[in-house]
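Q: no FASTA, just this:
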C-alpha cells in the first residue's frame, strides 16, 4: 500500500478530486441514449443493463476527472491563484497528489468488470469500445501531449462524452447503431463542447502561463468566447435538424424552445460578465443550467414523440 504524505483525505476531498459537479455531463448522455432506446425499442430495454451502464459510466468519468486533477496540479495549471472557487482539493489542502492518481486507477479498474458484464449481454464490441474510450479519456488529460492542452480538446471531449456515450448507451439495448441514433448524439456533443469552451475561456490566462495551447488562447481575449456562442447555436440548430429530417417529429421538439430562450439570455449575461478566473463560477453555473434544461427537455421530446407515435398524432 502506498504511503501518502500530507493530510489524510476525506469524502469531501474525493468528491472534489473527481469534481462531482461535472458528472451532469456523463449522466445527461447516459439518460439521452437510454431514453432514445426506451422511446424507439421499449420491448428491448433492460433496467439491469441501464444500472450496469450507469455504474461503468460514472466510474470512467470520475476516474478521468481524477486524472485531470492530478495532471493539472503537477503541471502547474491548478494553483491558488487560478482556483478562485476554492474547490480544487489538491490546491486547497495539503494532500499527496498521488491520491488523485491512484483513486483514478482504482475507478478505471472498477469499470473493467462492469464493462465485461455489459458486454456479456450486449456484445463484445461494447467492451472494445469501452476500452478504447478509457484509453482516449486517459490521454485527454495525461501523457506527454494531453489532448486537453490543444485547440481541439473541447471538440474531442464533446464527441466522446456526447455522441459516443449516447450511441453506446442506446446500442446496449437496441443492438443497432443506425443513422438516427448517431444524429441524436450530435446536439449533446456540441453543447458539451460549449461547456468546456466556457471553462477554457475563463482559464485562458492561467492555462497560457502553464504552457497550454487551447482554442481560447489561440483566439485571444477578444475572441475567446466565439466558440461558446457558435457551439450553443449549432447545438440548438442540430435539434431543429432532428425534426426537419424526421428523426424526431418536429412538433415533439416544442419543449426545446425553453432551453433555447434561457441559453440566449445566459450567453448575453456571460458576455457582459467577461471571461476570467473571477467570473468562472457564475459562467459555468449559467452554462450548466442551460445544459440541464437542454437534457430534460430533450428527454421530454423523446417521450412526447413516443406518445404521438402510439396515438397516431404524427
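A: Received, thanks. Quick caveat, the model's predicted, so the values are computed rather than measured.

Q: Please enumerate the helices of the stretch 51-200 of the chain.
A: 89-92, 98-122, 124-141, 153-159, 165-174, 179-202 (DSSP state H, counting those that start in this stretch).

Q: Distance to residue 209, mean pLDDT and mean neighbour count added to those, as TSV?
A: Where you see a C-beta, it was placed from the backbone N, CA and C, and this is true even at glycine. Formatted as TSV, the helices of the stretch 51-200 of the chain follow (distance: least, CB to CB, whole Å; pLDDT from 0 to 100; neighbours: other CB atoms under 10 Å):
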stretch	distance to residue 209	mean pLDDT	mean neighbour count
helix 89-92	15	87	20
helix 98-122	21	96	18
helix 124-141	18	91	17
helix 153-159	17	93	22
helix 165-174	32	97	24
helix 179-202	14	96	24
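
Q: in the host helix or strand of residue 304, what's buried?
A: Per DSSP states H and E: residue 304 is located in helix 280-311. Neighbour counts over helix 280-311 (16 or more other CB atoms under 10 Å) mark 280, 283-284, 286-288, 290-291, 293-295, 297-302, 304-306 as buried.

Q: picking that back up, can I get the helices of the stretch 51-200 of the chain in JSON lines with distance to residue 250?
A: Below are the helices of the stretch 51-200 of the chain laid out as JSON lines (distance: least, CB to CB, whole Å):
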{"stretch": "helix 89-92", "distance to residue 250": "46"}
{"stretch": "helix 98-122", "distance to residue 250": "32"}
{"stretch": "helix 124-141", "distance to residue 250": "32"}
{"stretch": "helix 153-159", "distance to residue 250": "25"}
{"stretch": "helix 165-174", "distance to residue 250": "21"}
{"stretch": "helix 179-202", "distance to residue 250": "14"}
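
Q: I'd like to know which of those helices lies nearest to residue 46.
A: helix 165-174 (6.1 Å; CB to CB).

Q: Residue 176 and residue 303, how far apart?
A: According to CB to CB, to the nearest Å, residue 176 and residue 303 sit 21 Å apart.

Q: Next: residue 247.
A: Counting by CB to CB, the gap from residue 247 to residue 303 is 15 Å.

Q: repeat for residue 219
A: In terms of CB to CB, residue 219 sits 39 Å off from residue 303.

Q: Check residue 227 too.
A: From residue 227 to residue 303 the distance is 32 Å (CB to CB).

Q: try residue 265
A: 26 Å.

Q: Also residue 61?
A: If you go by CB to CB, the gap between residue 61 and residue 303 works out to 25 Å.

Q: Ok, residue 2 next?
A: 48 Å.

Q: and if you look at residue 309?
A: Relative to residue 303, and taking CB to CB, residue 309 is found at 11 Å.
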